[in-house]
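Peer 1: okay, sequence plus prediction incoming.
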Amino acid sequence: MPPKRKGEESKDLNGRDRKKLKMADARTIAVQPTVHSSSGQGDRQANAAPGPSKTVVNFDTSQGLPSSIDVERFTEARAYEISAMQSAIKAAGDSSTHRAWQTLPRHLRRRAASHDVRRVPLRLREKARAEASCFSNGAIQTTHPTADGSCDKTWLETHIWHAKRAKMENMWGYRLAVTPTEKAFRPSHRASVHGSILHDASYYATIEIQGPQTILLATLEACCDPQGPGLKQCMSGSRACDTHIYEHARWPFGLVGPITIIWQSVSPNDASSSSGEAQVSIQRSHKGKEKEIIDNGMAEPDPLRRTRIIWVRAHPAVFEDVLRALEASASHAIQADKQKNPTLTSKIEIIDLRGSLNAFEIMGPKSTQVIRGALSLAGGEEREDFKKFWETLSDLQTPANIPRRMIVGFKVLDPRLKFPPKNATSSYPDPSKPPAVSSSNLVFPSSVTAQTELWDEDKRDRLKKPRFKKKDLDERRSKLLVPGTKLNPLRQDDRVPVMLIQRSLESCPPSSRSTYSFDDSRGIHGWTLLFPAGWSMAFLSSLIYTGTRFAGQRERMKQYFEAGTPAFPMDYPSTRAYEIAVEERAEKEKEKWEKTPPAKRASWGKLGTRSPWRADWNVVLGLEKPPLTNAAQGLVTTQRDAHANMSIPEDATAVVLHPWLLRGSKVPSILSNVCITPSEFLNEINKLREKYHMSLLDKAVLAEDLWRSALVMIRIKMVGRGAPGELANIYKMDDIEARKWLKATTQKTSGTYEDAEVPTERELAEMKPAQEDIVGYVTTGDVSLARGEGFALGAIPVVQYIALRKQAQRLARPAIIVKIRERDTTVSRAAYVELLDG
């Protein structure tokens, strides 16, 4: 027994003995003393008498056994022993001085194990979970996604790998890597231009649409951009289609964002036709189900109405908007088909495939060799075109030599069997000898080459979890006679279907280059690798081991910037995703600005910055009046407003104008005429709507309103010094000032200053421009590593673009010239401007 009073035996016992004494006392079970019952009490009382829990049974005779047992009285008699047992169990558990993670060897302990149950080995995880449940302060918070989607963020399969090497942030419902912790800004750019770099794009949402081919095409035409190569060119499944999606039948308004459409390839011998129930079935996995049944009778076989499957890949920020647009377009397409063919059946099924497909974006000229060396074919391939493609893959100098958006489907072995992989070496041709790869061996996009089992849902479900864990493969590898040799694939090993899509980021395709363009960047090319969920780490370990760098969100945005293409959502003004992203950025920057002392922060009123936190597109377009400078600083003006007490009549029927962005490959042809009028602009828009069988714009949309509220994306190149940043102001100039800038830059370039009356570039840069001359804002800007000078993307109104084009003609210049001023400086710089689309 422990001492009754503190310090009674403290001098004789050390800490270890006291600990043993405490543990022994906690594990001692109290026993009630034996009480002998009187002989006058019968067998019933003797049966219930308390005593030791020990029963001696004599197998030779039945004497000594009670004739009956009263369970209730028996329990009451042993109540003390039962309570003592429960108290002993609780005391023994509470007296333990080691938690689950403390029982591990010291070389296996991790600081995170004391807070995260998943960091503890499986054999101790239940004990750790029980210990964690005792705490009511919520110290253990799991961020792993739940089945009902109640968690505020989702982890990718490579989350732990990225969390050890990158800075993580919550973005679009996911926990994503923003940038590597090491200094990787320039090395990442060099990898995308000369090597290879990988980005885990599994957070992109995939929507599957299943139904008759004619109705699928009508659904896409009702919500997609009518410009570009067209949806019909990609229906064979040999190429992916990159386009923009809009709200149903609202083009050019209601821009949602960019999407990629992939049609399932159909073999030439496939002549299946649509059959089954006549219904529109819209399914949302993880979000519930919605169904609408329409009975149309029996269907007749029709080759154009055979069932096809398409995948729509969209940014997670606009997933719900894309899904709503597809649902609305599918419903209208079904109704139109019902009125046109009342005897035919129709079925459209929209399924959310988030969590079913993973994707890696591997960019750079060496990405082809990396894929060729890390992946091994599963065997049994009988397609001759694919064999030619795979043989010539290692000799490609860059993925730019592959046809744009080409799709290749095949099946590979478990990449871990071949670990560590080796990059395929490319052979450089000798100019004096004939080429080893003849033109007959070149493979062009075809539906046969694009076939893959990745479209099969059952096979994706069977591969959601690799059959063998890494420890199983390591055990097989340890039994090899020669260490370091690759594992031979067994019949039980997994065969993983994958899909390769050629991916190019370039300012404008080679076939659509205009006669003049000051941006001669080459672009960045690579591949998009699609594979079933559950295999991200298996592929990542092999691909990264080849020397490929990994990219976060910053590196991915820089790839778009260096290629001169807009990145979503920051380069898509007027969209809902852009407004949300701008609002979040404005809150962070304003909070940081308010914490900075007044003497150390920018004074927007003195600098003449009208909108320091976000671009006021409504003011630039003339749809709203600019705010007062004092009001922008949070001050109250002392001047009386002469119009404050005047009653302004409001027209209840007036149409509220909102900015909208004009995007697409037809933008240069629409705006090619500098003398275009608002009515001609409206006619060009209606012509493109008729191309996709959409009705003309409503009569309430006036040509003048459409013309005033339109924005267009531009590309900006600095004339001399300067590197514009985000939210830099774009100013227009009159002809006199523009000529002064051109003369000043010419004298500086030539080094001769003959005319002393011409102001220098420094004098012109210090001239403070007027706020009324703001015609746009920079959305993305910085020093371009590929160009070696300042470069930016921005947006200006269509009205101002046409006016600047006319000014360029008066100045006899092929490019438009404007002024750029940072929001926190007073110095302006001259820059050239051209259309981004083209």
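Peer 2: All right, it came through fine.
Peer 1: what residues sit buried inside the longest helix seen in the chain?
Peer 2: When the chain is parsed with DSSP state H, its longest helix is helix 319-340. Within helix 319-340, the residues scored as buried using 16 or more other Cβ atoms under 10 Å are 319, 321-323, 325-334, 337-338. To be clear about C-beta, it is placed using only N, CA and C from the backbone, and glycine gets the same treatment.
Peer 1: how about stretch 256-271?
Peer 2: 256-266.
Peer 1: can you show me the CA trace of the longest helix of the chain as PDB?
Peer 2: C-alpha atoms of helix 319-340 as PDB (Å, rounded to 0.1, in the frame of the first residue of the first chain):
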ATOM      1  CA  PHE A 319     -17.600  23.600 -61.200                       C
ATOM      2  CA  GLU A 320     -21.100  24.400 -60.000                       C
ATOM      3  CA  ASP A 321     -21.600  27.000 -62.800                       C
ATOM      4  CA  VAL A 322     -20.400  24.600 -65.500                       C
ATOM      5  CA  LEU A 323     -22.700  21.900 -64.100                       C
ATOM      6  CA  ARG A 324     -25.700  24.200 -64.100                       C
ATOM      7  CA  ALA A 325     -25.000  25.400 -67.700                       C
ATOM      8  CA  LEU A 326     -24.700  21.800 -68.900                       C
ATOM      9  CA  GLU A 327     -27.900  20.800 -67.100                       C
ATOM     10  CA  ALA A 328     -29.900  23.700 -68.600                       C
ATOM     11  CA  SER A 329     -28.500  23.100 -72.100                       C
ATOM     12  CA  ALA A 330     -29.300  19.400 -71.900                       C
ATOM     13  CA  SER A 331     -32.900  20.000 -70.800                       C
ATOM     14  CA  HIS A 332     -33.500  22.400 -73.700                       C
ATOM     15  CA  ALA A 333     -31.800  20.000 -76.100                       C
ATOM     16  CA  ILE A 334     -34.100  17.200 -74.900                       C
ATOM     17  CA  GLN A 335     -37.200  19.400 -75.300                       C
ATOM     18  CA  ALA A 336     -36.200  20.400 -78.800                       C
ATOM     19  CA  ASP A 337     -35.500  16.800 -79.800                       C
ATOM     20  CA  LYS A 338     -38.900  15.800 -78.400                       C
ATOM     21  CA  GLN A 339     -40.700  18.300 -80.500                       C
ATOM     22  CA  LYS A 340     -38.700  17.400 -83.600                       C
END
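Peer 1: chain center to the following helix or strand past it, what's the gap?
Peer 2: Using DSSP states H and E, the helix or strand that follows helix 319-340 towards the C-terminus is strand 347-352. Centroid separation for strand 347-352 versus its chain: 23 Å, with Cα atoms, centre = their mean, to the nearest Å.
Peer 1: check contacts around residue 171.
Peer 2: Under the criterion of Cβ atoms under 8 Å, 6 or more residues apart in numbering, the neighbours of residue 171 are 178, 553.
Peer 1: retrieve the pLDDT associated with it.
Peer 2: Model confidence at residue 171, given as pLDDT, is 93.
Peer 1: kindly report the same for the one 3 residues further on.
Peer 2: According to the per-residue confidence, residue 174 scores 95 in pLDDT.
Peer 1: what's the answer for residue 298, then?
Peer 2: 44.
Peer 1: all strands of the stretch 51-200 of the chain, in order?
Peer 2: Per DSSP state E, counting those that start in this stretch, the stretch 51-200 of the chain carries strands over the ranges 166-171, 174-180, 197-200.
Peer 1: buried stuff in the second one?
Peer 2: Neighbour counts over strand 174-180 (16+ other Cβ under 10 Å) mark 174-177, 179-180 as buried.
Peer 1: one more: stretch 790-805?
Peer 2: Buried, per 16+ other Cβ under 10 Å, within stretch 790-805: 790-805.
Peer 1: helices along the stretch 301-450 of the chain, start to end?
Peer 2: All helices of the stretch 301-450 of the chain, identified by DSSP state H, counting those that start in this stretch, fall at 319-340, 367-374, 384-393.
Peer 1: save the ones you listed as a markdown table, and put in distance to residue 715 and mean pLDDT too.
Peer 2: Formatted as a markdown table, these follow (distance: least, Cβ to Cβ, whole Å; pLDDT from 0 to 100):
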| stretch | distance to residue 715 | mean pLDDT |
| --- | --- | --- |
| helix 319-340 | 27 | 92 |
| helix 367-374 | 26 | 92 |
| helix 384-393 | 34 | 87 |
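Peer 1: which one of those helices lies closest to residue 658?
Peer 2: helix 319-340 (15.9 Å; Cβ to Cβ).
Peer 1: before we move on, back to that, can you name the residues in contact with the longest helix of the chain?
Peer 2: 205, 207, 209, 211-212, 214-215, 218-220, 222-223, 245-249, 256-257, 259, 280, 282, 284, 292, 294, 296, 312, 314, 344, 346, 348, 350, 352, 354, 576-577.
Peer 1: how about residue 798, what does it touch?
Peer 2: By Cβ under 8 Å, 6+ apart, the neighbours of residue 798 are 662, 671, 681, 707, 710-712.
Peer 1: what about 10 Å?
Peer 2: The neighbourhood of residue 798, defined by Cβ atoms under 10 Å, 6 or more residues apart in numbering, consists of 621, 662, 667, 670-671, 676, 678, 681, 706-712.
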